[in-house]
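Participant: model this:
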Amino acid sequence: MTETDADDLAERVREGKLRLYELEDHADAETAAAARRRLLAEETGADLDAVGDYAFDADDAESNVENMVGAAQVPMGVVGPLPVDGSAAEGEHYLPLATTEGALLASVNRGASAIRTAGGATAEVLKSGMTRAPVFKVDDVREAGEVSSWARGNVDRLAEAAEATTSHGELQDVTPYVVGDSVFLRFAYDTKDAMGMNMATIATEAACEVVEAETPADLVALSGNLCNDKKPAAINAIEGRGRTVAADVLIPHEQVEAGLDTTTEAIVEANTRKNLIGSAKAGALGFNAHAANVVAATFLATGQDAAQVVEGANAMTTVDEREEGLYASVTLPSLEVGTVGGGTSLPTQSEGLEILGYGGGGDPPGSNADALAEVIAAGALAGELSLLAALSSRHLSSAHADLGR
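Facilitator: Below is the predicted model:
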């Protein structure tokens with residue numbers, strides 16, 4: 001790339017001879033990005049030196065972004081070691097978290113320390129299935145019943161069509177829902193180590209062609225919002241989407257007092273009144289303290305779809321006082337993660353997965369994504385414990401003040 005090349009491209013865009021998205025047709029990806037920065041700097045007066053100073057080849061991001069100008073660099077830290085006894089994740093893990101929220105990592109690290117002192121967290125993927133729910137129109141409810149009945153009885157035929165589009169995805173189930181003359185079919189897929197949203201979409205489109213050919217239903221939209229993707233939805237809390245994963249820990253009472261500077265009784269009350277009663281009064285879908293913080297920071301660090309934090313935050317935290325100590329759990333019913341595809345192949349995010357030891361495809365397939373889900377759940381549990389402890393001991397504001405944040 002030369003400055004002349006970038007300047008020339010920027011000038012051709014200003015003159016209307018080229019459009020922003022056409023630059024890669026006339027230059028390499030680095031030059032195209034530089035030309036857009038030049039154009040933006042001249043048009044807006046913005047200084048884009050930091051945006052243009054990134055550590056990967058622009059070609060590497062071609063499948064992840066359009067009209068690239070550079071990179072948004074978010075500080076990344078690490079917490080741990082965090083011991084996890086999972087079905088897929090085993091041993092101590094360092095969890096990379098990318099965030100701009102000061103005190104977050106310090107808080108999660110305190111929770112991780114409490115979990116470590118207690119011998120580690122147990123974690124388990126309870127269910128796995130990426131969903132896509134197209135909506136069809138019919139003439140009346142009788143036809144709606146006919147379509148629903150046909151779909152229930154022909155899952156094998158739908159699976160044959162859907163699975164012909166992918167070498168990895170497997171159709172698990174098709175569940176019909178009827179609202180008047182609208183029929184929704186909620187397809188659920190095992191997508192192995194991929195998060196699988198694109199896989200599920202392409203596969204479902206092929207299955208929809210069979211539905212239209214064999215029933216009176218006409219496809220209206222490939223996504224009918226009953227999936228439900230990137231929007232708060234009770235169906236994801238009930239039926240799950242992506243990975244349904246839970247983590248728990250039992251911390252002796254004396255360790256609660258020594259490590260979290262509070263008591264088991266105080267944490268139980270804070271969780272009941274805040275996470276359960278307060279969330280219910282607010283009409284919240286998630287009954288937790290701040291699970292989204294850990295989910296979002298891990299998503300950014302490991303190349304997950306950041307918008308799916310909406311579903312990932314749909315979590316419930318429970319706390320009980322037992323004779324042996326404080327029992328705490330967090331359950332995330334719709335954690336959508338993958339270790340292949342999407343942003344996981346970007347260099348920085350790939351390194352984040354390498355820190356955890358779960359980059360790429362697992363053996364058996366799906367085990368790496370399961371392990372990632374289990375570690376995220378354990379990290380979310382650490383965050384819940386620390387914040388509940390800070391609230392119950394009235395140390396939340398002082399912790400931020402001590403850290404200057």
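Participant: for residue 58, see how far away residue 42 is.
Facilitator: Distance of residue 42 to residue 58, given as C-beta to C-beta, to the nearest Å: 20 Å. Heads up, the C-betas are built off the backbone N, CA and C, glycines and all.
Participant: out of those two, which sits in the busier spot?
Facilitator: Neighbour count, other C-beta atoms under 10 Å: between residue 42 and residue 58, residue 58 has more, with 21 against 12.
Participant: all helices for the stretch 101-250 of the chain, in order.
Facilitator: In the stretch 101-250 of the chain, the helices defined using DSSP state H, counting those that start in this stretch lie at 104-117, 141-153, 155-163, 197-214, 234-239.
Participant: for the fourth one, packing partners?
Facilitator: With contacts taken as 3 or more C-beta pairs under 8 Å, 6 or more residues apart in numbering; DSSP states H and E, helix 197-214 sits against strand 121-132, strand 135-137, helix 141-153, helix 155-163, strand 170-179, strand 182-190, strand 218-221.
Participant: tabulate the ones you listed (CSV), appending mean pLDDT.
Facilitator: Converted to CSV, the helices and strands packed on helix 197-214 look like this (pLDDT from 0 to 100):
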stretch, mean pLDDT
strand 121-132, 98
strand 135-137, 98
helix 141-153, 98
helix 155-163, 97
strand 170-179, 97
strand 182-190, 98
strand 218-221, 98
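Participant: mean neighbour count and distance to residue 94 added to those, as CSV?
Facilitator: Output for these, formatted as CSV (neighbours: other C-beta atoms under 10 Å; distance: least, C-beta to C-beta, whole Å):
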stretch, mean neighbour count, distance to residue 94
strand 121-132, 23, 15
strand 135-137, 20, 44
helix 141-153, 16, 45
helix 155-163, 18, 37
strand 170-179, 17, 33
strand 182-190, 23, 29
strand 218-221, 13, 43
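Participant: is it possible to get CSV of the ones you listed that adds distance to residue 282?
Facilitator: Shown next, in CSV, are these (distance: least, C-beta to C-beta, whole Å):
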stretch, distance to residue 282
strand 121-132, 26
strand 135-137, 30
helix 141-153, 35
helix 155-163, 39
strand 170-179, 27
strand 182-190, 27
strand 218-221, 31
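Participant: out of these, nearest to residue 284?
Facilitator: Closest approach to residue 284 among the helices and strands packed on helix 197-214 (C-beta to C-beta): strand 121-132, 21.7 Å.
Participant: the closest one pairs with which strands, and in what direction?
Facilitator: If you go by DSSP bridges, strand 121-132 pairs up with strand 76-86 (parallel), strand 182-190 (antiparallel), strand 242-252 (antiparallel).
Participant: got the contact list for residue 260?
Facilitator: Each residue near residue 260 by C-beta atoms under 8 Å, 6 or more residues apart in numbering is listed here: 110, 114, 251, 267, 385, 386, 389, 393.
Participant: what's the answer for residue 235, then?
Facilitator: Going by C-beta under 8 Å, 6+ apart, the list of residues near residue 235 reads 226, 228.
Participant: okay, and for the stretch 1-150 of the chain, where does confidence drop off?
Facilitator: Applying pLDDT under 70 to the stretch 1-150 of the chain flags residues 1-4.
Participant: related to what we said a few turns ago, for the contacts of residue 260, work out which two are farthest apart.
Facilitator: 251 and 393 (14.9 Å).
Participant: for residue 369, give its distance to residue 340.
Facilitator: Separation of residue 369 from residue 340 (C-beta to C-beta) stands at 8 Å.
Participant: which residues are common contacts for these two?
Facilitator: Common neighbours of residue 369 and residue 340 (C-beta under 8 Å, 6+ apart) are 193, 194.
Participant: the more surrounded of the two?
Facilitator: Between residue 369 and residue 340, counted using other C-beta under 10 Å, residue 369 has the larger neighbour count: 30 against 22.
Participant: pLDDT on the helix or strand containing residue 370, on average?
Facilitator: According to DSSP states H and E, residue 370 maps onto helix 367-392. The pLDDT scores in helix 367-392 average 98.
Participant: starting at the chain centroid, how far to that helix?
Facilitator: In terms of C-alpha atoms, centre = their mean, to the nearest Å, the centre of helix 367-392 is set 14 Å apart from its chain centre.
Participant: same question, stretch 43-60
Facilitator: Its chain's average C-alpha position is 26 Å from that of stretch 43-60, according to C-alpha atoms, centre = their mean.
Participant: okay, now residue 18: neighbour count?
Facilitator: Look at residue 18: counted by other C-beta under 10 Å, it has 17 neighbours.
Participant: just checking, it touches residue 26?
Facilitator: Yes. Contact criterion C-beta atoms under 8 Å: residue 18 and residue 26 qualify, at 7.0 Å.
Participant: okay, and the common contacts of these two?
Facilitator: By the contact definition C-beta under 8 Å, 6+ apart, residue 18 and residue 26 are jointly contacted by residue 9.
Participant: and of the helices and strands packed on helix 197-214, who's closest to residue 301?
Facilitator: Residue 301 lies closest to strand 121-132 among the helices and strands packed on helix 197-214, at 18.4 Å (C-beta to C-beta).
Participant: what's the angle between the closest one and helix 155-163?
Facilitator: Strand 121-132 runs at 90 degrees relative to helix 155-163, counting by axes from the mean of the first three to the mean of the last three C-alpha atoms, to 10 degrees.
Participant: next, the angle helix 367-392 makes with strand 121-132.
Facilitator: Going by the same axes, to 10 degrees, strand 121-132 is angled at 120 degrees with respect to helix 367-392.
Participant: for strand 121-132, C-alpha coordinates in PDB please.
Facilitator: Taking Å, rounded to 0.1, in the frame of the first residue of the first chain, the C-alpha atoms of strand 121-132 are listed here in PDB:
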ATOM      1  CA  ALA A 121     -16.900 -24.900  40.800                       C
ATOM      2  CA  THR A 122     -18.900 -27.700  39.200                       C
ATOM      3  CA  ALA A 123     -20.300 -26.900  35.800                       C
ATOM      4  CA  GLU A 124     -22.500 -28.800  33.400                       C
ATOM      5  CA  VAL A 125     -24.000 -28.200  29.900                       C
ATOM      6  CA  LEU A 126     -27.500 -29.500  30.400                       C
ATOM      7  CA  LYS A 127     -28.900 -29.000  26.900                       C
ATOM      8  CA  SER A 128     -27.600 -27.900  23.500                       C
ATOM      9  CA  GLY A 129     -29.600 -26.700  20.500                       C
ATOM     10  CA  MET A 130     -29.400 -23.700  18.200                       C
ATOM     11  CA  THR A 131     -32.800 -22.700  17.000                       C
ATOM     12  CA  ARG A 132     -34.400 -21.000  14.000                       C
END
